[in-house]
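Colleague: Here you go, sequence then predicted model.
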Amino acid sequence: MNNLRRIDLNLLVTLHALLVEKHVSRAALRLHKSQPAVSHALAHLRTLFDDPLLVRRSGKLELTSRASELILPLTDVLEQLGALIETPEFNPLSAKRVFRLAMSDYGARVFMPSLVR
């Protein structure tokens, strides 16, 4: 857990974009960041993981074996973090809740027919 103190979790989002895009400029576009910012993040990630992560071969970037191993767990972690932070959506059709309404007889006569429907 102490190793988490060394990393900005936004770097994991950048890493995911880099691994999916395999291109620094396209990853920057996806993240709405500048290309130099993503390039700097890649340098930091290379130090953090002690691996080049992306290497240039035949004029394009390819994943190292370590980077290939990271894609699935990284995707899972980012989805779990997203689910942790996002507010759950309320769907009245599938809700299994009990609602108690308090209102006057007049309110019940006016509002209840449309609420029950």
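Modeller: Yep, it's here. Numbering: from 1, shown residues only.

Colleague: what residue ranges in the chain are flagged as low confidence?
Modeller: Filtered on pLDDT under 70, the chain yields the residue ranges 1-2.

Colleague: biggest helix in it, by residue count?
Modeller: Longest helix of the chain, by residue count under DSSP state H: helix 65-85.

Colleague: following that helix, which helix or strand comes up?
Modeller: For helix 65-85, the following helix or strand on the C-terminal side (DSSP states H and E) is helix 105-116.

Colleague: Other residues contacting that following helix?
Modeller: Leu101, Met103 (Cβ atoms under 8 Å, 6 or more residues apart in numbering). All C-beta spots, glycine's among them, are computed from the backbone N, C-alpha and C.

Colleague: May I have the longest helix of the chain as CSV, with CA atoms only?
Modeller: The C-alpha trace of helix 65-85 is given here as CSV (Å, rounded to 0.1, in the frame of the first residue of the first chain):
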residue,chain,number,x,y,z
SER,A,65,5.8,-7.9,-22.7
ARG,A,66,5.4,-6.1,-19.3
ALA,A,67,3.0,-3.5,-20.9
SER,A,68,1.0,-6.3,-22.5
GLU,A,69,0.6,-7.9,-19.0
LEU,A,70,-0.6,-4.6,-17.6
ILE,A,71,-3.6,-4.0,-19.9
LEU,A,72,-6.2,-6.3,-18.4
PRO,A,73,-5.5,-5.6,-14.7
LEU,A,74,-5.2,-1.9,-15.4
THR,A,75,-8.6,-1.9,-17.3
ASP,A,76,-10.2,-3.7,-14.4
VAL,A,77,-8.8,-1.4,-11.8
LEU,A,78,-9.8,1.8,-13.7
GLU,A,79,-13.4,0.4,-14.1
GLN,A,80,-13.6,-0.4,-10.4
LEU,A,81,-12.3,3.1,-9.5
GLY,A,82,-14.9,4.6,-11.8
ALA,A,83,-17.7,2.5,-10.2
LEU,A,84,-16.5,3.6,-6.8
ILE,A,85,-16.7,7.3,-7.6
